[in-house]
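A.B. asks: Here is a sequence with its predicted model. Questions after.
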Amino acid sequence: GESVTTTFPQAIGLAQAWDPELLEKVAALEAEDCRWLTQNPQYASAGLIVLAPNADLGRDVRWGRTEECYGEDAYLTSRLVVAFVKGLQGDHPKYWKTASLMKHFLANSNENNRAENSSDFDERLFREYYSWPCYKGVTEGGSRAYMTAYNKYNGIPCTVHPVIRNVTVNEWGQNGIVATDGGAYRQLVTNHKYYPDLKAAAKGCLDAGTTMFLDNFREPLTTAIKEGLITESQVDRAVRGNLRVMLKLGLLDDPSENQNPYLKIGITDTVAPWMKPETRELAREATAKSVVLLKNENRTLPLQKNEIKTVAVIGPVADLVVSDWYSGTPPYRVSVLQGVRNALGNDLRVLFAA
């Protein structure tokens, strides 16, 4: 059946807490959930490479994925990205709890025509703004995986851009996974029209530094190898990057001799992480810190039961708990309206105007 997980506020809400330590705790709990869902026999789903955090910059509120990012400020985003990467991967000297795969490199801050359009800017903006959160995620956070963006950057699709190898690999030391976005390999031919066919596109991806396709690639890639467009050593190099991440996750070790502390999650534990009281407390704390109070005239908040008779809760989503399309299924939901009612009890009138 469908599994429940711990559900936290969206990234844009978490960013409003301005609290890297909180972000690290949230990510560590997410990693716990992932290990549990992967290793517990009841679920046995695969999920140790986590497609997070979103290191994009929210340049425009009309961007359809603003809620996934930490806002427009490169410095704040970099601090939260580093904290989230560290939380996901843990602090064990040899093993990662989960692997952090950041997304989407680079400048994917517009959804309209994202499979064709180009984000254009100079070298300084590349260094100091658009790439800064990813740069810090690799060099300070320790992430060794990221996903390339659908869009072009200065006219070249990010999926095959020279900065992958020139900057992220050679300068930053990114030596793990470079994944395409879903379907992006074929879009190089169909949308960007950057290559004449899928064989040439496969060569372009491997030349650029792609190590993992989130796409249907086997047949054209196999043909390209047979025809000598791609060498076996290129494939080996790409596979080696993926294997580095698998090694850090402990997936290639003999379980009987394994010193990986994360292998016990979901096996020796008796209570799923999302059902523990301390997890509920963390979710509650993160939610409270994500709320931004615009005005608190006459110290109206916190509400004092003995000083008021009636409270009006206004707004169409006050009685909903809205989740994103990437969200897990929460084990329970408390809307703002229900929260107010819970806090005030039955003694007071709570009016709801949708």
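C.D. replies: Thanks, I have the structure now.
A.B. asks: what's the burial count for the closest residue to residue 128 other than its chain neighbours?
C.D. replies: Closest residue to residue 128 apart from its sequence neighbours, by C-beta to C-beta, 6 or more residues apart in numbering: residue 74 at 7.1 Å. In short, each C-beta sits where N, CA and C put it, glycine included. Here the number of neighbours of residue 74 (other C-beta atoms under 10 Å) works out to 20.
A.B. asks: List the residues that contact residue 74.
C.D. replies: Residue 74 makes contacts with 57, 128-130, 132-133, as judged by C-beta atoms under 8 Å, 6 or more residues apart in numbering.
A.B. asks: what do you get for residue 269?
C.D. replies: Shown in contact with residue 269 (C-beta under 8 Å, 6+ apart): residue 36.
A.B. asks: Could you pull out the buried residues of the longest helix along the chain?
C.D. replies: Longest helix of the chain, by residue count under DSSP state H: helix 20-39. Residues 20, 22-39 are the ones in helix 20-39 that count as buried (16 or more other C-beta atoms under 10 Å).
A.B. asks: just stretch 38-55 next, same as before
C.D. replies: Across stretch 38-55, burial judged by 16+ other C-beta under 10 Å covers 38-40, 48-55.
A.B. asks: Do me a favour and get the end-to-end distance for it?
C.D. replies: Taking C-alpha to C-alpha, to the nearest Å, stretch 38-55 runs 25 Å from one end to the other.
A.B. asks: Would you mind listing where the stretch 151-300 of the chain has pLDDT under the threshold?
C.D. replies: Across the stretch 151-300 of the chain, nothing is flagged by pLDDT under 70.
A.B. asks: Roughly how far does the residue nearest the centre of the chain sit from residue 207?
C.D. replies: In the chain, the residue lying closest to the centroid (C-alpha atoms, centre = their mean) is residue 52, at 1.9 Å. Noted for residue 52: a distance of 28 Å to residue 207, by C-beta to C-beta, to the nearest Å.
A.B. asks: Would you confirm that residue 95 contacts residue 246?
C.D. replies: No - counting by C-beta atoms under 8 Å, residue 95 stays clear of residue 246, with 11.4 Å between them.
A.B. asks: show me where the chain has strands.
C.D. replies: Taking DSSP state E as the criterion, the chain carries its strands at 49-50, 99-105, 118-119, 145-148, 152-153, 156-157, 177-179, 310-314, 349-353.
A.B. asks: how near is the closest residue to residue 320 other than its chain neighbours to residue 51?
C.D. replies: Once flanking residues are discounted, residue 320 sits nearest to residue 335: 5.9 Å by C-beta to C-beta, 6+ apart. Relative to residue 51, residue 335 is positioned 28 Å away (criterion: C-beta to C-beta).
A.B. asks: Then residue 323?
C.D. replies: Counting by C-beta to C-beta - residue 323 and residue 51 are separated by 17 Å.
A.B. asks: Now tell me what touches stretch 213-226 from outside.
C.D. replies: By C-beta under 8 Å, 6+ apart, stretch 213-226 touches 147, 179-186, 197-203, 205, 230-232, 235.
A.B. asks: Among these, name the ones in helices.
C.D. replies: Per DSSP H, the contacts of stretch 213-226 map to helices at 184-186, 198-203, 205, 232, 235.
A.B. asks: For ChimeraX, write the select line for the buried members of these.
C.D. replies: The ChimeraX command for the buried members of the ones in helices among the contacts of stretch 213-226 (criterion: 16+ other C-beta under 10 Å) is given here:
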select :184,185,186,198,199,200,201,202,203,205
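A.B. asks: Cool, thanks, signing off.
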